[in-house]
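>>> Pasted the sequence and its predicted model underneath.
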Amino acid sequence: MSTQPHSKSSGDISFFETSYTAKKELRGRTIKWILCGITLMMILPLLLIIGHIFYKAAPVLSIDFLLASPADQMKGGGIWPALLGTICLVITSVLIAAPIGVMSAVYLNEYAPDNWFTRIINLAVFNLAGVPSIVHALFGLGAFVLFAGIGRSILAAGLTLAVMTMPVIIQSTKESLAAVPMPFREACWNVGASRWQTIRGVVLPNSVSGILTGVILEVCRAAGETAPIMLTGAVVYKAVTGGDLLAYSPLDQCMALSMHLYTISTQVPNVPEALPYGTAIVLLGTVLVVNATAIGLRIYFRTHKKW
């Protein structure tokens with residue numbers, strides 16, 4: 001068998017292709033196509049599911065569906081109270097969890113000494129991220145609804161969601177802060193900047209993309225959770241004027257998309273088939289819009305990094 005190398009040229013550069021390099025290129029192309037196939041196998045079922053849900057929901061999708069209240073014993077009408085309640089719960093949890101989570105991560109990464117106590121805290125934060133949501137629901141019921149006396153309300157449910165999602169924000173923010181090169185900090189210290197001035201002017205601006213990742217994960221999880229809000233602030237039905245943006249106060253109970261979807265799918269008989277699918281596509285669309293916005297912001301901030 002001939003093993004003579006074959007000459008190839010690219011512009012002014014000539015090189016020889018041996019049987020070894022040919023096999024290497026073939027192996028590389030094979031792996032690339034296998035990975036591409038695996039990716040398509042993961043994406044296509046998701047696209048099919050979304051397409052099926054959208055097809056089933058098409059008969060009810062309209063502006064009136066979004067802005068109207070449920071009617072005919074929740075067998076008709078729209079989803080405005082549930083949509084507004086979900087927005088209120090998510091905003092409440094973000095306003096609580098994001099500042100506390102980011103500040104905690106700044107302390108743990110920039111100020112806390114590397115000792116056994118800090119390592120225990122880091123381990124606790126890591127483990128809390130994996131606690132089941134029903135456990136957080138029971139904690140919220142006992143701590144906020146009963147012990148603190150807030151009662152079942154948007155505030156109690158938002159606090160519960162904040163406690164549940166805060167570990168994710170802390171972890172992602174810590175990793176983003178740790179990714180900022182140490183010479184950036186040392187350069188600031190050498191010109192007389194304090195530690196806080198360095199964090200505020202250099203570290204945090206270059207960590208925004210990672211911080212946004214944690215916050216968006218928090219938003220997506222909070223929007224889709226049912227157990228924590230079921231025990232702390234959500235109700236099956238609440239009369240709300242369609243399109244009223246100020247229908248809820250922090251101490252009111254509210255409807256939520258996830259619980260509304262569960263109710264009309266399993267608890268209400270003779271519901272039109274399109275109604276649960278319409279609720280599901282609105283919930284899914286809300287999460288996708290938030291994710292798309294976050295991806296755009298992350299790309300923008302990453303392109304403006306200083307390294």
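Now that the structure is in, tell me what you want to look at. None of these values were measured; they are calculated from a predicted model.
>>> just the helices in the chain please.
Assignment of helices within the chain using DSSP state H yields the ranges 19-57, 63-67, 80-106, 116-128, 133-140, 154-178, 182-190, 195-198, 208-224, 227-232, 257-266, 274-303.
>>> Turn those into a markdown table, including mean pLDDT, mean neighbour count and distance to Thr241.
Any C-beta I mention is one placed from the backbone N, CA and C, and that applies to glycine too. Converted to a markdown table, these look like this (pLDDT from 0 to 100; neighbours: other CB atoms under 10 Å; distance: least, CB to CB, whole Å):
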| stretch | mean pLDDT | mean neighbour count | distance to Thr241 |
| --- | --- | --- | --- |
| helix 19-57 | 87 | 11 | 24 |
| helix 63-67 | 89 | 15 | 10 |
| helix 80-106 | 92 | 22 | 8 |
| helix 116-128 | 88 | 12 | 39 |
| helix 133-140 | 91 | 19 | 29 |
| helix 154-178 | 91 | 25 | 17 |
| helix 182-190 | 87 | 13 | 53 |
| helix 195-198 | 89 | 14 | 47 |
| helix 208-224 | 83 | 21 | 23 |
| helix 227-232 | 90 | 26 | 22 |
| helix 257-266 | 89 | 20 | 17 |
| helix 274-303 | 83 | 17 | 19 |
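>>> Nearest approach to Ala247 belongs to which of those helices?
The closest of those to Ala247 is helix 80-106. By CB to CB, the value is 6.1 Å.
>>> name the helices or strands packed onto that closest one?
On a contact count with 3 or more CB pairs under 8 Å, 6 or more residues apart in numbering; DSSP states H and E, helix 80-106 meets helix 63-67, helix 154-178, helix 208-224, helix 257-266, helix 274-303.
>>> want to try TSV for these, with distance to Glu25 as columns?
Supplementary listing: the helices and strands packed on helix 80-106 in TSV, determined by distance: least, CB to CB, whole Å:
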stretch	distance to Glu25
helix 63-67	54
helix 154-178	36
helix 208-224	35
helix 257-266	50
helix 274-303	32
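>>> Between those helices, which one is closest to Ile53.
When those are compared by CB to CB, helix 274-303 sits nearest Ile53, at 5.3 Å.
>>> so what secondary structure elements neighbour that closest one?
By 3+ CB pairs under 8 Å, 6+ apart, helix 274-303 packs against helix 19-57, helix 80-106, helix 208-224, helix 257-266.
>>> Please identify which of these is closest to Pro272.
Smallest distance to Pro272 across the helices and strands packed on helix 274-303 (CB to CB): 9.4 Å, for helix 257-266.
>>> now the angle from the closest one to helix 208-224?
Relative orientation of helix 257-266 versus helix 208-224 (axes from the mean of the first three to the mean of the last three CA atoms, to 10 degrees): 30 degrees.
>>> Show me what helix 257-266 is packed up against.
So helix 257-266, by 3+ CB pairs under 8 Å, 6+ apart, packs with helix 80-106, helix 208-224, helix 227-232, helix 274-303.
>>> contacting residues around it?
Under the contact criterion CB atoms under 8 Å, 6 or more residues apart in numbering, helix 257-266 has outside partners 70, 74, 79, 82-83, 85-86, 223-226, 229-230, 234, 236, 271, 275-276, 279-280, 282-283, 286.
>>> ok, now stretch 126-138?
Residues from elsewhere that reach stretch 126-138 (CB under 8 Å, 6+ apart): 160, 163-164, 166-168, 171, 225, 227-232.
>>> try 7 Å
Stretch 126-138 has contacts (CB atoms under 7 Å, 6 or more residues apart in numbering) with 160, 163-164, 167-168, 171, 225, 227-228, 230-232.
>>> and if you look at stretch 163-175?
Residues contacting stretch 163-175 (CB under 7 Å, 6+ apart): 93, 97-98, 100-102, 104-105, 108-109, 125-126, 128-129, 133, 136, 139-140, 210-211, 213-215, 217-218, 221-222, 228.
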